[in-house]
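Asks: Okay, here's the prediction I keep looking at, along with the sequence it came from:
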Amino acid sequence: MKIALSWLREFVDLPESPDELRPVLDDLGLVVEGIEYVGQGLENIVVARIEEIRAIEGADRVRLVIVDAGGGPLEIVCGATNFVIGDHVPLAPIGAVLPGGFEIAQRAMRGVISHGMLCSARELGLSDDHVGLMILGEAVNAPVGTPLLQALDIMPDVVFDITVEGNRPDAWSVEGVARDLATRFGRELRAPALAEPNADVDSDSFASSGIDDPDLCGRLTVSVLRNVTVGPSPSWIARRVQNAGMRPISNVVDASNLVMLELGQPTHPYDAARVARRTLRARRARPGERLLTLDGVERELARSGRGLGDSGEDCVIVDGDDTVLGLAGIMGGATSEISDSTTDVLLEAAFFDPMAIARSSKRHGLRSEASVRFERGVDPNLALRAVARFVAILRESIPDLEWLSAPLDTWGTVPSPPTVVLRPGDIERLLGAEVPLEEATSILRGLKFEVRLDGETLVVTPSSARLDVRSGAAGRADVIEEVARLYGYRRLPRRTPRWPEPGALSTRQQLRRNLRDVAVDLGAYEAWTPTLVSDEEFDLLLKGVVRVRITNPLAAEESVMRATMLIGLVRAWGRNLERGTGDVVLAELGAVFAHPEATPQPRVTRGGAGGVVTLALPYENERLTILLGRPDDDARTAVAFWATLGARLGLSDVVVRTCDVAPVGLHPTRCADLVDRASGAVLGHVGEVDAALVSTLVPSVTGRRVGLVDLDVDALADHARATRCSDVATMPSRYPSATVDLAFVTPSTVHAADLAHELRMASELVEDVVLFDVFGGGGLAAGTRSLAYSVRFSSFERTLSEGDVAGARELLVNRARDLGAVLRGVA
Amino acid sequence: MSTSPLADLPHETARLLEEIAALASLEQLRDIEPSILGKRSVLSSLQKSLGVLAPEDRRDAGAQLQGARRVVEAAFEARRSDLAALARAALLESDRLELGDVVVNAVRWPASVGHPSLVAVTQRELEDVFVAMGFTVSEGPEVESDWYNFEALNIPPAHPARGMWDTFYVELGEPETVVLRTHTSPTQVHLKEAAALHGSLPIHAVMPGRCFRRDTPDARHLATFHQIEGLVVDRGIAFSDLAGVIETFTRAYFGPDIESRLRPAFFPFTEPSAEFEVTCTICRGAGCRTCSQTGWIELGGCGMLDPAVLDAVGIDGDEWSGFAFGFGIDRCAQMRHQIADMRALIDNDTRFLRQFS
């Protein structure tokens, strides 16, 4: 909200400079987003008349203009062309400094000396207009040499742009902000001048009003104003409206806006001659009713609700024929608008249910200065005080304005102010600091809260301008917040709490750190690819699969939740390759999503209004996907990468086992599952990215293999699936070990890791089994290959004899034979 | 009437179909394509021969010929895709690698240096500071119901306060009931709910995680971002404890010469609420462009848990009180490394990534 300092100063003495006030406002929670200096830097600008225009030889963009600014002819070089001889324009003489800080100096252009600068409105900071010079038309009837500020009736001022927080309905007004400042500084808050009804005719003899739906409209006042002459506002009013970022329209409309800005009460003036039976009623709109609002949009009222918690209802103002005149509290209609011929005005000042206004405003996509205030909660007691202010303002331009006595005033349902009891110690318990009772009391009274002292207990009734203050424990917090805010957060002490419970990471968090660290140690660059992808991208791997869709995406390319990180990583790799920086390993640790209908593990939770509905949410699977994109990477390096990474995870035994069905996106004949031997759970996959996918996503690359390690972090973190090594350390034998190499002709159906496992289990003397050579073809039978293992034997009791080793070897060979693996050279 | 030029058509068609069925490779298929469907094919020459017919006969014959051509073309394309599938299967078969047989010790692979993501690095630093201060670390899902993201945080349906977050809704359940979480606060609700259920209060936890807001990305904001949230529920916790925790954290993370300050703000789930600001890390408080000459940078929001929020999860506000705070992980990274454009974080340009470790 834009608030002029001069306006605040009418309500409270503020000798402080704008720069001194800014931190005070910030500290009150009225954050100053910007300070605008209106009319500053224009002190030296004067009105000049164009006397003569001459071409400059050799110049086609600038001309020589001779002007009179009261001190005889001045030669000025000017690039604008939108003026003629006799026009009045602003002149910045030599030495003047424009609002942007630009200082005017005597300059020579094309051999001609320029004695100043003729200015556009934008150069003067007066508007965005920069098509040419600012032409001061007939309305500005000032002689040459007049200071521009005087000619335009501008008063230099300072405008604060303040962000109003959601719990400060009162701060949508100059008076509300001034009240905070007056309370903080302990100064008096002055009241604005108010008018009294001055016609000896009761309002109900001229107009009538009523509320049909008291839940939507809590109060409707209608005042009758007669002898109205619609015309321009006095300049001080127009300036106020303008400084607040609004456009002056007419004395009646400006008065309405001024009161809203000053006190926070929106009002709506109707041309009484255009309101059937001079009657205004508030009621619920009926389905099928329509309204052409002042912004020129025809709106369908009481449409069915859109979105959660929207009942679809609208509150409208209707006339005596039950015709809809306006969308209550949001925007009026065109038919009853004030015009130049208006002589009698019905002025509506009301209270509407904040939630009803919020729902209507959202559904119609229509936010107005009024709706912003009503949806936060306007003081229900403010209406007639605001009208009294409205009349006082309008009298400035219409001295014989009549305000009929006994304005119509109907009440519906308004929130009743809670009584909040602060027991001794409540403030200290919440703030951790004692605020002296007298200070708390005077703060709350400054905010117009009623405070009664009952011993040490404060019984507080909040101001009716503060509908945000609740009852009970929540209300106590609301009231204490006000005390703290005005007392100053900075004055509250700081203490660091201690508790006996230690801080720690969970085992899962430690696992995640470990995964990251090892992947990075092994050369991975960690990437961050999009969670939201396009349908086309989703279809690349999962055509026809039901997907988690965003209702309101920013773009179609970001409308579906990813089911894999593979595509994002291939794309990121491709872009790096195109830059010549792509010969890298890329890894991403993150969540992928499956539609609840596409997963056996949907997450069930509560939702909907009141949290009473059971909802199935997507299955979120945390994965670590590693793409090996260096020049010689392939499925082999992926297996080696996994072997090194896996060795650091403290897992008991994970087997690289060819998949029955290749996971989507992987090369179908070069991929494997990572299977936990004990649990049988699949912990991830290893292999190569499907070449077809690579060439689709990165067409510039051909014939390059890309390795892939894809780990299910949920499975790795689950000890039932990922079997850990025993915590009990195995002590190495102190006796020398003996190493034997064994090569077996093995059916291709037998996994090398399974055979190794069997060998390990065959004798307790086995210390370690390592595969060191594999070959097929040659003289070997089809469907077999040779697996060569290096086996190390050792004993805890003694140095092994040749006989010990031979016996153990025999056990191993026999065990291998059970699997169909035959020791080479023995068959 | 003499013999029709199309007398041989059924026979020719059958012959062509046989020929197509006999094709054994994509190369053969490519070689034979002109003789089956091209200008010199039987079908084309039959087409030319129609010129001798009377116009009305020509139309019927033309239609007949077109029908035959479509049959042949369809068979040809079907064969093409069969052969392509066979070729791919053969290629895959010849490419087969038994990964269980890979001799890991024999694989030679390039030595290379990797780099963690800046967000992960920053998150870890923040977690470490908080763990040292006695906090545990918790996480929650990225897709939430409106109850956890909003209502249990004292933001009822259709309330204007929901407008403080630009929300992505998910097409599940009734409209607007499933959301991409707009902040990490739903995790706070899960934690409190579980603690109330299991009687395991107090809570001292931080909750890092990915969040989403429907806001067009620019140099300062991404629609996907990371937040870390703190929650303390304990006996006798007051606003001054919150201020002290913020201050301790600020010095521990940003350095001993960086201070924090609180100023009033509004969040539906805390009361009193505050924004917290820290000394501008660029100018060290002297005033610069980054901090709009104020010497302070806004970092996040915080406040005492609103009684309504404790009530929503069944925690007795007379016995327990607490506070929450939250701020951007990415923003901390941006401040520390003076990142001019946040979009660099999602570009995955290795020249950017390799600067962090």
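Replies: On my side now, so go ahead. Numbering: from 1, shown residues only, chains lettered A, B, ... in the order given.
Asks: Now A:Ala386: which helix or strand?
Replies: Under the criterion of DSSP states H and E, A:Ala386 resides in helix A:383-394.
Asks: pull the CA atoms of that helix into PDB?
Replies: Presented in PDB, the C-alpha positions along helix A:383-394 are these (Å, rounded to 0.1, in the frame of the first residue of the first chain):
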ATOM      1  CA  ALA A 383     -19.200   2.400   8.100                       C
ATOM      2  CA  LEU A 384     -20.900   5.600   9.300                       C
ATOM      3  CA  ARG A 385     -17.700   7.200  10.500                       C
ATOM      4  CA  ALA A 386     -16.300   6.700   7.000                       C
ATOM      5  CA  VAL A 387     -19.400   8.300   5.500                       C
ATOM      6  CA  ALA A 388     -19.000  11.300   7.800                       C
ATOM      7  CA  ARG A 389     -15.500  11.600   6.500                       C
ATOM      8  CA  PHE A 390     -16.700  11.200   2.900                       C
ATOM      9  CA  VAL A 391     -19.100  14.000   3.300                       C
ATOM     10  CA  ALA A 392     -16.500  16.200   4.900                       C
ATOM     11  CA  ILE A 393     -14.200  15.700   1.900                       C
ATOM     12  CA  LEU A 394     -16.900  16.100  -0.700                       C
END
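Asks: tell me what that helix is packed against?
Replies: Applying 3 or more Cβ pairs under 8 Å, 6 or more residues apart in numbering or on different chains; DSSP states H and E, one finds that helix A:383-394 contacts strand A:217-226, helix A:251-263, strand A:267-271, strand A:345-352. Placement of C-beta: from N, CA and C, glycine included.
Asks: Pass me the low-pLDDT residue ranges in chain B, would you?
Replies: Applying pLDDT under 70 to chain B flags residues B:1-3.
Asks: spatially speaking, which residue is in the middle of it?
Replies: The centre of chain B sits closest to B:Thr224, judged by Cα atoms, centre = their mean, with a distance of 7.9 Å.
Asks: so A:Leu742 sits right up against A:Arg792, yeah?
Replies: No. Using Cβ atoms under 8 Å, A:Leu742 makes no contact with A:Arg792, being 11.4 Å away.
Asks: what sits against B:Val107?
Replies: B:Val107 makes contacts with A:636-637, A:639-640, as judged by Cβ atoms under 8 Å, 6 or more residues apart in numbering or on different chains.
Asks: Same check on A:Gly488?
Replies: A:27, A:184 are the contacts of A:Gly488 under Cβ under 8 Å, 6+ apart.
Asks: what are the phi and psi values for it?
Replies: Dihedral pair for A:Gly488: phi 110, psi 110, per degrees, to the nearest 10.
Asks: ditto for A:Glu588
Replies: Per degrees, to the nearest 10, the backbone of A:Glu588 is at phi -140, psi 140.
Asks: you'd agree it is up against A:Leu566?
Replies: No. In this structure A:Glu588 lies outside contact range of A:Leu566 using Cβ under 8 Å: 9.4 Å.
Asks: tell me, what's touching those two both at once?
Replies: Among the neighbours of A:Glu588, those also in contact with A:Leu566 (Cβ under 8 Å, 6+ apart) are A:Thr625.
Asks: More neighbours: these two, which one.
Replies: With neighbours defined as other Cβ atoms under 10 Å in any protein chain shown, A:Glu588 and A:Leu566 compare such that A:Leu566 has more, 28 against 24.
Asks: neighbours of the closest residue to the more buried one other than its chain neighbours, just the number please.
Replies: Nearest non-adjacent residue to A:Leu566, counting by Cβ to Cβ, 6 or more residues apart in numbering or on different chains: A:Gly665, 4.8 Å away. Neighbour count for A:Gly665, taken as other Cβ under 10 Å: 23.
Asks: I'd like the distance between A:Gly665 and A:Thr564.
Replies: Here the criterion is Cβ to Cβ, to the nearest Å. By it, A:Gly665 lies 6 Å from A:Thr564.
Asks: go on, A:Leu823?
Replies: A:Leu823 sits 44 Å away from A:Thr564, going by Cβ to Cβ.
Asks: Pick out whichever of A:Leu742 and A:Arg792 has more residues nearby.
Replies: A:Leu742 (19 against 14).
Asks: Quick check, pLDDT for that one.
Replies: Predicted confidence (pLDDT) for A:Leu742: 96.
Asks: bridging residues for it?
Replies: Note on A:Leu742: beta-bridge partners by DSSP bridges are A:Tyr789.
Asks: For it, which residues are in contact?
Replies: Contacts of A:Leu742 (Cβ under 8 Å, 6+ apart): A:759, A:788-789, A:791, A:809, A:812-813, A:816, A:823.
Asks: Any quick PyMOL command for the buried ones out of these?
Replies: Here is the PyMOL command that picks out the buried ones among those, judged by 16 or more other Cβ atoms under 10 Å in any protein chain shown:
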select buried, chain A and resi 759+788+789+791+809+812+813+816+823
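Asks: any idea which helix or strand comes after the helix holding A:Ala386?
Replies: Past helix A:383-394, the next helix or strand by DSSP H and E is strand A:402-405.
Asks: what comes up buried for that following strand?
Replies: Neighbour-count burial for strand A:402-405 flags A:402-405 (criterion: 16+ other Cβ under 10 Å).
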